[in-house]
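Novice: this is a predicted model, with the sequence first.
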Amino acid sequence: MKSLICILFLFFNTLLIHAELINIGIFADYSVSHFEFNPRAGSYTIFTEKGRLKEINSQDIVVVKYVDTHIQLIQNNRVVGSFSKVNFIGTGWYNHFKISIKSPIVKDTRYDDNLKIQLTNKGLQLVNNIDLDNYIAGVVEAEVGRKPVEEYHKLQAIICRTYALANLNKHYADGYNLCDRVHCQAYHGKTFFEQITKASLSTRGIVIVDSDIDLITAAFHSNCGGQTVKSGDVWSKNLYYLDVVKDTFCIKTSNAFWEKEIAKDSWYNYVMSKAPKVSREDLRKDFNQTTRALSYMNQSMLPVEDIRYDWKLRSTFFSVYNRGDKVVLKGRGYGHGVGLCQQGAMEMARLGFSYSDILHKYYKGVHLINLSALEFFRED
């Protein structure tokens, strides 16, 4: 019964997404007070709280300013009006636009679909109202770039779609679903790379669910160094599908190994301040992680996660060696280590593994489901 309820929830939620698009807060790190809007494909109708204002096309540039707690629109050096709500809505079958932020100065960016402008106490909040799959394509390029093979782009699209649908209310209080920052998903606007667009569209509707038909926590990181970490060792919750995985595919890639030298006195003082039971004699012994450990030296109870944070290390998978007046940290991997190892997965895709094979290597006991195929549960 629980599984059926979860499936019905996913089905109705998906209908809502495809019918109404999703809202992404863009330029969320900036206090925007002045920008230019320029259609680059299709035409746009401007709507305000007073209704339809006018239609514009690629020949038009509309200046938008924050003036006296209102949104002021200027075209051809003439003030069109001041409003409390402004939406630029595409009217063609294919629409995208360019935003040029003038205050503060930010690189020009292009976006698919529509733009909503909201007032905040700091200025203007820009919201990209966008088709889910157009958004996913933009996220895939921002997260992994253009170099991976197409099969990996399909894999990343499924992961990013799963994350987006599982976190739709993350910025509910801000008036949109997700933002463009890394803590949601990196999003730098429209992709013009056909392979990524194709990967997003060819996997349309496919998401990853667990044994209860709930969307999974689709965690991923750059490189695991040969072994992933179970979620409970990094976060507060153990998820059965985020367990330890041995990975030989990533160990010859760019982020597999790293080193950091630290002055011995600095290291010793740091460890003894964090773990008073540890002596200098203890610290003269090397610390080896052949498999991932939770703490540095068993008796210290100093979590390796704390060490990573305090010393800004690439990962928690490191060994410590005494070398003269220094200690050398020899590390493996890059990132928190939970879930899918991107560089390992990219190598698997390059070698011809399918996105399904790769997903099931890193996420144990999960299922790939096309949301559009769940309608029959509604009939039941």
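Specialist: On my side now, so go ahead. These figures come from a predicted structure and were not determined experimentally. Numbering: from 1, shown residues only.
Novice: burial count for residue 195?
Specialist: Here the number of neighbours of residue 195 (other Cβ atoms under 10 Å) works out to 17. In this view, the C-beta of every residue, glycine as well, is placed from N, C-alpha and C.
Novice: ok, it touching residue 153?
Specialist: Yes. Assessed by Cβ atoms under 8 Å, residue 195 is found in contact with residue 153 at 6.1 Å.
Novice: quick one: the residue of the chain positioned farthest from its centre from residue 261, how far?
Specialist: In the chain, residue 281 marks the outermost C-alpha relative to the chain mean, sitting 44.0 Å out by Cα atoms, centre = their mean. Using Cβ to Cβ, to the nearest Å, we find residue 281 at a distance of 22 Å from residue 261.
Novice: for residue 93, same thing?
Specialist: Look at residue 93 and residue 261: by Cβ to Cβ, they are 58 Å apart.
Novice: which of these two has more neighbours?
Specialist: residue 261 (11 against 7).
Novice: tell me who's in contact with the residue lying closest to that one once chain neighbours are set aside.
Specialist: Closest residue to residue 261 in three dimensions, ignoring its sequence neighbours and counting by Cβ to Cβ, 6 or more residues apart in numbering: residue 326, at 5.0 Å. By Cβ atoms under 8 Å, 6 or more residues apart in numbering, the contact list for residue 326 reads 261-264.
Novice: could I get those as a markdown table with secondary structure and distance to residue 186?
Specialist: Output for the contacts of residue 326, formatted as a markdown table (DSSP: H, G, I helix; E, B strand; the rest coil; distance: Cβ to Cβ, whole Å):
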| residue | secondary structure | distance to residue 186 |
| --- | --- | --- |
| 261 | strand | 31 |
| 262 | strand | 31 |
| 263 | strand | 35 |
| 264 | helix | 38 |
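Novice: tell me the centre residue of the chain?
Specialist: Centre-nearest of the chain using Cα atoms, centre = their mean is residue 185, 2.0 Å out.
Novice: separation between it and residue 42?
Specialist: Applying Cβ to Cβ to residue 185 and residue 42 gives a distance of 26 Å.
Novice: same question, residue 198
Specialist: Using Cβ to Cβ, residue 198 is found at 21 Å from residue 42.
Novice: and the pLDDT for residue 57?
Specialist: On pLDDT, residue 57 comes in at 94.
Novice: wait, it touches residue 38, no?
Specialist: No. Contact criterion Cβ under 8 Å: residue 57 and residue 38 do not qualify, at 9.8 Å.
Novice: okay, the two: which has more neighbours?
Specialist: Taking other Cβ under 10 Å, residue 57 and residue 38 do not tie; residue 38 has more neighbours (18 against 14).
Novice: helix or strand: which one has the closest residue to residue 232 other than its chain neighbours?
Specialist: Closest residue to residue 232 apart from its sequence neighbours, by Cβ to Cβ, 6+ apart: residue 238 at 3.5 Å. Under DSSP states H and E, no helix or strand contains residue 238.
Novice: residue 238: neighbour count?
Specialist: Using other Cβ under 10 Å, residue 238 has 11 other residues around it.
Novice: against residue 140, how distant is it?
Specialist: Separation of residue 238 from residue 140 (Cβ to Cβ): 29 Å.
Novice: residue 218 now?
Specialist: Residue 218 is 13 Å from residue 140, by Cβ to Cβ.
Novice: find residues that contact each of the two.
Specialist: Residues touching both residue 218 and residue 140 (Cβ under 8 Å, 6+ apart): residue 160.
Novice: domain map for this protein?
Specialist: Domain assignment for the chain by automatic domain parsing gives 22-130, 257-332.
Novice: export these as a markdown table, with columns for distance to residue 227.
Specialist: Shown next, in a markdown table, are those (distance: least, Cβ to Cβ, whole Å):
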| stretch | distance to residue 227 |
| --- | --- |
| domain 22-130 | 34 |
| domain 257-332 | 6 |
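Novice: so who does residue 27 touch?
Specialist: Residue 27 makes contact with 99, 101, 106, 126, 180, according to Cβ under 8 Å, 6+ apart.
Novice: right, I'll leave it there.
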